[in-house]
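Enquirer: Got a sequence here, can you build the structure:
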Amino acid sequence: MATYLLDNASAAAEERLSRLEDVLDPGTFRTLEATGVGPGWHCLEVGAGAGSIAIWLTARVGADGRVVATDIDPRYIEPLDDALPNLEVRRHDITVDPLPESSFHLVHARLVLEHLPGRELALQRMAAALRPGGWLVIESIDFGSEAPDPALNSEQAGLFMHWHEARTRLFAEREFDLTFARGLERRFRTLGLEDVVSEGWTSTWWGGAAGGDVWRGSVAQLSEPLVAGGYLDPNDADRLTALFADPSFAATSPLIVAAVGRRPHL
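Expert: Alright, predicted model coming up:
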């Protein structure tokens with residue numbers, strides 16, 4: 001089984017997850033709001049990470065609703081279990097552990113399935129966990145949109161593309177599906193979901209700001225396997241860390257694709 005490269009046990013994981021929330025949550029909230037999620041809903045958040053989506057959902061569903069937040073390593077969301085009465089935190093591996101069927105009005109995961117060798121079965125489990133009329137929302141990442149700002153000098157631009165290519169090769173080696181986001185809508189339709197739509201968004205990420213911090217955190221978590229695999233030289237990690245902290249640096253972010261579909265009513 002492939003090893004997950006961005007696991008929560010890393011010392012750099014919590015900050016990277018927090019900065020990801022800063023840049024991705026607004027788009028996620030817009031997508032989830034469009035499903036109509038509201039009071040009394042039962043929701044499942046798969047791969048809850050640092051917990052911002054789970055917290056947002058508990059506020060939306062209210063006292064009569066329920067949110068189940070899962071993660072293979074729930075260390076960052078476990079403290080929320082006691083703090084939020086309508087939240088249940090579970091340690092759960094979506095590739096092997098069962099889910100209750102026909103149980104949730106909304107099932108959501110962000111930047112999870114593309115990492116997993118068992119992603120297709122996991123997606124089927126998530127769809128089966130929907131109540132009739134319930135919504136499945138999956139957000140996945142596509143690195144194909146990453147490109148340096150044309151105003152950068154050749155050294156900055158070249159270093160960024162070296163990072164992009166090195167990380168892409170490492171992910172492919174570890175069974176990350178680099179095209180998963182592009183096939184989400186077709187997968188939803190194959191599962192028999194209705195009202196299926198998908199959209200993507202990207203933005204400019206700047207050095208020293210939240211987006212640059214996401215890249216910097218990824219360098220911290222990935223530098224060891226990248227160097228060990230020969231994808232980066234030992235000095236490259238320091239150069240990349242400095243690049244992503246430099247306010248003059250800018251590049252197009254990865255593309256986030258969100259697919260939305262509804263389980264048919266009986």
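Enquirer: Figure out the helix or strand that the closest residue to residue 196 other than its chain neighbours lives in.
Expert: Spatially, and ignoring its direct neighbours in sequence, residue 196 is nearest to residue 261 (4.1 Å; Cβ to Cβ, 6 or more residues apart in numbering). All C-beta spots, glycine's among them, are computed from the backbone N, C-alpha and C. Remark: residue 261 resides in strand 255-262, with elements defined by DSSP states H and E.
Enquirer: Pull the distance from that strand to the chain's centre.
Expert: Averaging C-alpha positions (Cα atoms, centre = their mean, to the nearest Å) puts strand 255-262 12 Å from its chain's average.
Enquirer: Buried ones in stretch 31-47, by neighbour count?
Expert: Applying a neighbour-count criterion of 16 or more other Cβ atoms under 10 Å, the buried positions in stretch 31-47 are 31-32, 35, 37, 41-47.
Enquirer: Let me have these in TSV, extended by secondary structure.
Expert: As requested, the buried residues of stretch 31-47 are arranged in TSV below (DSSP: H, G, I helix; E, B strand; the rest coil):
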residue	secondary structure
31	helix
32	helix
35	coil
37	coil
41	coil
42	strand
43	strand
44	strand
45	strand
46	strand
47	coil
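Enquirer: Identify the residues contacting residue 135.
Expert: Residues touching residue 135, when contacts are defined by Cβ atoms under 8 Å, 6 or more residues apart in numbering, comprise 35, 37, 105-107, 260-263.
Enquirer: Which element, helix or strand, includes it?
Expert: For residue 135, the element it lies in under DSSP H and E is strand 130-142.
Enquirer: Mean confidence (pLDDT) on that strand, please.
Expert: Across strand 130-142, pLDDT averages out at 98.
Enquirer: Could you check how far residue 161 is from residue 36?
Expert: Relative to residue 36, residue 161 is positioned 42 Å away (Cβ to Cβ, to the nearest Å).
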